[in-house]
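Enquirer: whatever this is, show me its structure:
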Amino acid sequence: MELNQYTSDIKSEGQVNRRARRQAGVNDTADITENQLPSWSGGFTEESARQLCESSLNASKLWDICDFAIDTLPIVEQCITAILFSDTDIYVYESVELFKLECKLAVQSDPSIASDLGYSSHFSLVNYLLSLTCPMDCSNQGTCSNDVCTCTSGFYGSDCSKSITIIPILTTISEEVYSVQSINSSFSRDVTLYGENFMNTGSLSCHLERLELIDNTFYSTNITLISAATFLTAGSVVCSVPASTPFTGYTISVSNNGVDASSSLVYIVQDTICFECDPSRNICLLNVRRYI
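Expert: As a prediction, this is how the structure comes out:
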C-alpha cells in the first residue's frame, strides 16, 4: 500500500490549524442566532442530545486516536443541531461517520500524529486506522481492511447492511419487451427489468413461468424455469427469456437468493405478422388486417 495515494490531495496545514484552534478553545461551528433555532421538544433536551452525541463518538474504536487528531467539538455541535431540527436521533450515525472521515484525513495528512501517539511509523498508524474506518463498521456483518468491508456470507453492500433475503421490487420491463418482432424458436431474448433492491450476488436469478394461449388469452402452464440474472445496477437486471413462434408468454420475477422471489411481470414474445398482443391484459388477437 502506497501512503502517497492517501495524501496526494490533502493539505496538512488545515488539520494542523484545527488542532491549534482546539488547543486555543476556538469553536469552528458557524454562529447561529437564537431566533434561528427551534425550541427543544419531544423526547430530547440539549443536555440529553449532547450526551447522546458525545457517547456515540466515545464508543468508536477510533476515539483515542481521533480525539487527539481532530477537534471533535464541531462534530458534536453539528450532531446536536441535527437532533434539534429533526427531533430524532436517526442522523447521529452521520456524525459518527463524519468523525471517522475527518480523523482519517487528519492522520493521513499529518505524520506527526503517529509519533505523538507513540506509533513506530506513520505508515503503521494509517494501516491500523484503515482497519477501523469502514462505513457503518460493516454493520457488524463483516470485517474491515484497508477501508473496505468484506461481508460475511449472506450480506452485501459497501457497509454489509443488505441481506440477500431482501425481496426485490419489480416495477417495469424495458420497452423492447413490448416491441413487436418475429423471433425464431431456437433463440432467447435478453430482457431488462427495472425496480429496486437488486443485489450482485451469486444467487441473483430470474424465475420464469410459461404461459399458454387459449382463446386469445394467456393462462399459466405451471412450467417454470430458473436461470441466472445479469446484474446491472441496484435498480436493473437482465433476464434471458426463451422465444418460440408464433409467440410465447412468461411471467418473470427476480430473486436475490434464488428462493425468495419478487412479484412478477408479464412478458410476451409475439409474431407481429400474425398477432397483436397486450401484456397488460394478457391477451393476443389475430391480426386479420395483415391478410387483407
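Enquirer: residue 251 and residue 242, how far apart?
Expert: Per Cβ to Cβ, to the nearest Å, residue 251 is found 13 Å from residue 242. In short, each C-beta sits where N, CA and C put it, glycine included.
Enquirer: so residue 248 bridges to which residues?
Expert: residue 269 (DSSP bridges).
Enquirer: outline the domain layout of the protein.
Expert: The chain breaks down by automatic domain parsing into domains covering 4-132, 169-291.
Enquirer: worst average pLDDT in the ones you listed?
Expert: Of all these, mean pLDDT reaches its minimum on domain 169-291 (a mean of 77).
Enquirer: what count of nearby residues applies to residue 42?
Expert: By other Cβ atoms under 10 Å, 9 other residues sit near residue 42.
Enquirer: my guess is it contacts residue 87, does it?
Expert: Yes. When contacts are counted by Cβ atoms under 8 Å, residue 42 is listed as touching residue 87 (4.4 Å).
Enquirer: tell me who's in contact with residue 152.
Expert: 141, 142, 160 (Cβ atoms under 8 Å, 6 or more residues apart in numbering).
Enquirer: quick one, helices of the protein?
Expert: Using DSSP state H, the helices of the chain run over 4-7, 12-24, 46-58, 63-69, 73-86, 92-109, 112-116, 122-129.
Enquirer: can you lay out those as TSV showing mean neighbour count and distance to residue 201?
Expert: Formatted as TSV, these follow (neighbours: other Cβ atoms under 10 Å; distance: least, Cβ to Cβ, whole Å):
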stretch	mean neighbour count	distance to residue 201
helix 4-7	13	30
helix 12-24	14	40
helix 46-58	16	32
helix 63-69	18	34
helix 73-86	19	34
helix 92-109	20	25
helix 112-116	16	39
helix 122-129	17	30
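Enquirer: of those, which is nearest residue 156?
Expert: helix 92-109 (19.3 Å; Cβ to Cβ).
Enquirer: the closest one packs against which elements?
Expert: helix 4-7, helix 12-24, helix 46-58, helix 63-69, helix 73-86, helix 112-116, helix 122-129 (3 or more Cβ pairs under 8 Å, 6 or more residues apart in numbering; DSSP states H and E).
Enquirer: can you give me how far that helix is from the chain middle?
Expert: 20 Å (Cα atoms, centre = their mean, to the nearest Å).
Enquirer: if we can go back for a sec, nearest to residue 217, of the helices and strands packed on helix 92-109?
Expert: Between residue 217 and the helices and strands packed on helix 92-109, the shortest separation by Cβ to Cβ is 52.2 Å, and it involves helix 73-86.
Enquirer: and that closest one, how far out from the chain middle?
Expert: Remark: helix 73-86 is offset 25 Å from the chain centroid, using Cα atoms, centre = their mean.
Enquirer: also stretch 234-253?
Expert: With Cα atoms, centre = their mean, you get 26 Å for stretch 234-253.
Enquirer: what about it, how long is it end to end?
Expert: Using Cα to Cα, to the nearest Å, the end-to-end distance of stretch 234-253 comes out at 15 Å.
Enquirer: flag every buried residue along it.
Expert: 236-243, 246-253 (16 or more other Cβ atoms under 10 Å).
Enquirer: report the contact partners of residue 93.
Expert: Applying Cβ under 8 Å, 6+ apart, the residues contacting residue 93 are 56, 136.
Enquirer: burial check on residue 203, number of neighbours?
Expert: Look at residue 203: counted by other Cβ under 10 Å, it has 14 neighbours.
Enquirer: how about the nearest residue to it, chain neighbours excluded?
Expert: residue 258 (4.0 Å; Cβ to Cβ, 6 or more residues apart in numbering).
Enquirer: would you confirm that that neighbour contacts residue 206?
Expert: No. Assessed by Cβ under 8 Å, residue 258 is found out of contact with residue 206, at 10.4 Å.
Enquirer: those two: which is more packed in?
Expert: Neighbour totals were compared for residue 258 and residue 206, and residue 206 leads with 23 against 16 (other Cβ under 10 Å).
Enquirer: roughly how far does that one sit from residue 60?
Expert: 42 Å.
Enquirer: distance check, the spatially most central residue of the chain against residue 201.
Expert: Per Cα atoms, centre = their mean, the C-alpha nearest to the average position across the chain is that of residue 157, at 5.9 Å. Between residue 157 and residue 201 the computed distance is 11 Å (Cβ to Cβ).
Enquirer: check residue 254 too.
Expert: Plainly put, residue 254 is 11 Å away from residue 201 if you go by Cβ to Cβ.
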